[in-house]
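>>> Task: produce atomic coordinates for the following.
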Amino acid sequence: MRHDPRSSLARPRPRGAQRVTASLALLCLGFPLTIRAQQPTPPPALDFSGVLFGNYSYRTDSAARAGLGGRNPNQFTIERAYLTFRVPAGENGQVRITTDIFQNTNSAQNSYYQGWAVRIKYAYLQYTGLKNAFGPGSSLLGRVGVLHNVVIDHEENFWPRYLSQVAVERGGFFSSADAGVAGLLTFGNKMGEIYGTITNGPGYTSFEKDRFKDLALRVSLTPFANAAGANAILKTFAVSPWLYKGWVGSKFASGGAGQIGPGTNGAVTEGMQRDRYGIFAGVRDRRLTAGAEWAQRSDKSEAGDNTTTSPRLTTDSTGRVLDGFVIARPLEWLDSSHPSNFGIVARFDHFTPNTSPTAASYAGSTPSYNFWILGASYDVTQRIALALDWQKQTGTSFPAPLGTNVRATPDNSTIFLHFQASF
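Numbers count the residues shown, from 1 in each chain. Here you go, the predicted model:
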C-alpha cells in the first residue's frame with residue numbers, strides 16, 4: 001500500500017508537542033519586547049558652553065609710576081573663565097552650573113590656594129510652567145540655588161562685561177549672584193518680564209554671615225516691541241525699575257561677642273538697613289546699543305563697643321551712581337545691508353559714595369568719582385572680540401591733602417587691550 005504524505009499532515013499531533021510549539025511561539029514573540037525593556041535609558045543631552053576674557057593693561061598715571069621709579073606698570077591678565085553646563089532635569093526642568101575660574105590675589109589665602117581657583121558663579125535647579133498662560137511666549141519660571149541677582153545680569157544684556165563691570169556692581173551695591181530662590185514671569189507678546197529674588201545677601205563669593213535675607217524685585221517693560229511702524233532700535237527699548245531691600249546683622253548680635261570694655265548693653269538682634277533701588281533704560285541693536293541708569297543705596301553702620309562706657313552708635317549713609325554708555329557701529333549706519341565688525345564704545349559713571357559725609361575731614365565737601373571708558377572694538381569672528389580702550393578714574397571734591405607727596409584723590413589711568421572668546 002502506497003504511503004500518502006498528506007495523511008501525515010492531516011494527522012493530529014500529540015498534546016505535548018502542541019504545548020512545546022505554543023511556548024516557543026510565545027517566547028519568540030516576547031523576546032523583542034524584553035530586549036527593548038532592558039535597553040538603558042539614554043542620558044540627557046548636555047549643553048556645554050563657556051566664556052573667556054582677559055586683557056593687557058598699561059598704567060599711565062603718575063601714582064602708578066611712583067612706586068616703580070617712574071616706570072609704567074603693565075601686565076597680561078586672564079580676568080575670568082566661565083564654564084557653563086546645562087542639562088535637562090525631566091520635563092520642563094533644567095539644571096545649570098557655571099564655574100568661575102579666577103586668579104586668587106588674596107595674600108592671606110595664597111599660602112593655601114596658589115595661583116588659580118574655581119568657585120561656583122551659578123548653580124541652580126530651574127522649572128518652567130504656565131507656558132503661554134499669559135499670552136503667546138509667556139511663562140512662569142522658578143529657580144533655587146546660586147542664581148542671578150536682580151539687575152546686573154539684565155544690564156549685561158546691553159553692556160559687555162569683558163570691558164568692565166556695570167556701574168552698580170563696580171560701586172559695590174551688591175554682587176552679580178547670590179544663593180536663594182527666584183521667580184521670573186515673562187509676559188506674552190514680548191512685552192517684558194518681572195524678576196524677583198530672596199537671597200542670603202553677601203553674594204556668591206562669601207558665605208552667609210547672619211540670619212537675615214534680602215528681597216529684590218525688577219520690572220522690565222518693552223512697550224514698543226510690537227508697535228506698528230516702530231524702527232528696529234525702538235522695538236528693543238526697555239525700561240527697568242528695580243528695588244532691593246536688605247539687612248545686615250550687628251556685630252553685637254550675640255551680646256558679649258565683639259564687645260570691648262566693662263559692662264554690656266545686651267545683644268543687638270535687629271538688622272541694619274541695606275537698601276538699594278534704581279531705574280535702568282536701554283536699547284539693544286547691532287547698529288546702536290545704549291543705556292543709562294540712576295541708582296541709590298542706603299546703609300546703616302555701627303560704631304562703639306556696646307558697653308556702658310562706650311555705647312553702640314549707628315550712622316546712616318546714602319550713596320548714588322549715575323551712568324550712561326553707547327556702543328555703536330558707525331559703518332552700519334552708512335550701509336545697513338553690510339554688517340560691520342568695527343564698533344566704538346563710550347561710557348561715563350559718576351559715583352558718590354556718601355551724599356552727606358559726616359567725617360570732619362570732609363566738612364564742606366562731598367567727594368565723588370568720575371569714571372570714563374573710550375575705545376574701539378573689532379569682531380575677529382562671531383565669537384571672538386577685541387577692544388582697545390582707555391579707562392580713567394578721577395576724584396572730585398576731595399579735601400586738600402595733608403603733608404607733602406600726598407594725593408588728594410585716588411586717580412588712575414589705564415590703556416587696555418581687552419579680548420573675549422565664547423564657545
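>>> Which element, helix or strand, includes the residue nearest to residue 271 when sequence neighbours are not counted?
In space, and not counting its chain neighbours, residue 271 is closest to residue 247: 2.9 Å by Cβ to Cβ, 6 or more residues apart in numbering. Where you see a C-beta, it was placed from the backbone N, CA and C, and this is true even at glycine. Residue 247 belongs to strand 238-248 when assigned by DSSP states H and E.
>>> Sheet partners, orientation included, of that strand?
According to DSSP bridges, strand 238-248 has the following sheet partners: strand 214-221 (antiparallel), strand 272-284 (antiparallel).
>>> quick one: contacts for the residue nearest to residue 271?
Shown here is residue 247, whose contacts under the criterion Cβ atoms under 8 Å, 6 or more residues apart in numbering are 201, 210, 212, 214, 271, 272, 273, 274.
>>> three-state assignment of the first one?
Using DSSP: H, G, I helix; E, B strand; the rest coil, the structure places residue 201 in coil.
>>> residue boundaries of the helices in the stretch 251-400 of the chain?
Assigned by DSSP state H, counting those that start in this stretch, the stretch 251-400 of the chain shows helices spanning 330-334.
>>> and if you look at the stretch 1-150 of the chain?
For the stretch 1-150 of the chain, the helices defined by DSSP H, counting those that start in this stretch occupy 5-10, 15-38, 62-66.
>>> where among those helices is the average confidence lowest?
Among the helices of the stretch 1-150 of the chain, helix 5-10 has the lowest mean pLDDT, at a mean of 42.
>>> sorry, back to before: using CSV, lay out the contacts of residue 247 together with distance to residue 177, neighbour count and pLDDT.
Shown next, in CSV, are the contacts of residue 247 (distance: Cβ to Cβ, whole Å; neighbours: other Cβ atoms under 10 Å; pLDDT from 0 to 100):
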residue, distance to residue 177, neighbour count, pLDDT
201, 12, 24, 94
210, 19, 16, 92
212, 18, 16, 96
214, 13, 24, 98
271, 22, 19, 94
272, 23, 20, 95
273, 23, 16, 96
274, 17, 19, 97
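>>> Please point out which parts of stretch 314-324 sit buried.
Under the neighbour-count criterion of 16 or more other Cβ atoms under 10 Å, stretch 314-324 has 317, 319, 320, 321, 322, 323, 324 buried.
>>> sorry, back to before: please tell me how far the residue nearest to residue 271 sits from residue 316.
14 Å (Cβ to Cβ, to the nearest Å).
>>> quick one on the thing from earlier: okay if I get the strands paired with strand 238-248 as CSV plus distance to residue 155?
As requested, those are arranged in CSV below (distance: least, Cβ to Cβ, whole Å):
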stretch, distance to residue 155
strand 214-221, 10
strand 272-284, 6
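>>> picking that back up, shared neighbours of residue 247 and residue 316, anything?
Common contact partners of residue 247 and residue 316 (Cβ under 8 Å, 6+ apart): residue 273.
>>> on that earlier part again, need the mean per-residue confidence for the strand holding residue 247.
If you average the pLDDT over strand 238-248, you get 98.
>>> from the chain's centre, how far out does that strand sit?
Mean C-alpha position of strand 238-248 versus that of the full chain (Cα atoms, centre = their mean, to the nearest Å) differs by 15 Å.
>>> Please apply the same query to stretch 274-292.
In terms of Cα atoms, centre = their mean, the centre of stretch 274-292 is set 15 Å apart from its chain centre.
>>> gap between the two ends of that stretch?
Start-to-end span of stretch 274-292 (Cα to Cα, to the nearest Å) is 23 Å.
>>> Name the residues of it that are buried.
In stretch 274-292, counting by 16+ other Cβ under 10 Å, buried: 274-285, 287-291.
>>> I'd like the next helix or strand past whichever strand or helix holds residue 169.
Assessed by DSSP H and E, residue 169 sits inside helix 167-170. As assigned by DSSP H and E, the chain's next helix or strand after helix 167-170 is strand 177-186.
>>> could you give the mean pLDDT of that next one?
In this model, strand 177-186 has an average pLDDT of 98.
>>> Now do it and strand 214-221, the angle between them.
With axes from the mean of the first three to the mean of the last three Cα atoms, to 10 degrees as the basis, strand 177-186 and strand 214-221 are set at 40 degrees to each other.
>>> Please name every helix or strand in contact with strand 177-186.
Here strand 177-186 touches strand 116-129, strand 139-148, strand 192-199, going by 3 or more Cβ pairs under 8 Å, 6 or more residues apart in numbering; DSSP states H and E.
>>> partners of the second one in the sheet?
Strand 139-148 has the following sheet partners, assigned by DSSP bridges: strand 116-129 (antiparallel), strand 177-186 (antiparallel).
>>> Just say which of the ones you listed is most tucked in.
strand 177-186 (a mean of 20; mean count of other Cβ atoms under 10 Å).
>>> Check the offset of that one from the chain's centre.
Worked out by Cα atoms, centre = their mean, strand 177-186 lies 11 Å from the chain centre.
>>> and of the helices and strands packed on strand 177-186, who's closest to residue 390?
Among the helices and strands packed on strand 177-186, the nearest to residue 390 by Cβ to Cβ is strand 116-129 (28.3 Å).
>>> C-alpha coordinates for that closest one, CSV please?
Output of strand 116-129 as CSV, limited to C-alpha atoms (Å, rounded to 0.1, in the frame of the first residue of the first chain):
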residue,chain,number,x,y,z
TRP,A,116,44.1,79.9,40.0
ALA,A,117,40.9,79.0,41.9
VAL,A,118,37.5,77.7,40.9
ARG,A,119,34.2,78.7,42.6
ILE,A,120,30.5,78.5,41.7
LYS,A,121,29.0,81.5,39.9
TYR,A,122,25.6,80.0,39.2
ALA,A,123,24.3,76.6,40.3
TYR,A,124,20.5,76.2,40.3
LEU,A,125,17.6,74.0,39.6
GLN,A,126,15.0,75.6,37.3
TYR,A,127,11.4,74.7,36.5
THR,A,128,9.3,76.3,33.9
GLY,A,129,5.5,76.2,34.0
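>>> Other residues contacting that strand?
Contacts made with strand 116-129 from outside it, assessed by Cβ under 8 Å, 6+ apart, are listed as 82, 84, 89, 92-104, 139-148, 176-177, 182, 204-205.
>>> Tell me where the model's unsure across the stretch 201-350 of the chain.
Residues of the stretch 201-350 of the chain meeting the criterion pLDDT under 70: 255-263.
>>> before we move on, the earlier item: and the angle for the strand holding residue 247 with strand 192-199?
Angle of strand 238-248 versus strand 192-199, following the same axes, to 10 degrees, is 10 degrees.
>>> What residues of strand 238-248 count as buried?
Residues of strand 238-248 classed as buried: 238, 240, 242, 243, 244, 246, 247, 248 (neighbour count, 16+ other Cβ under 10 Å).
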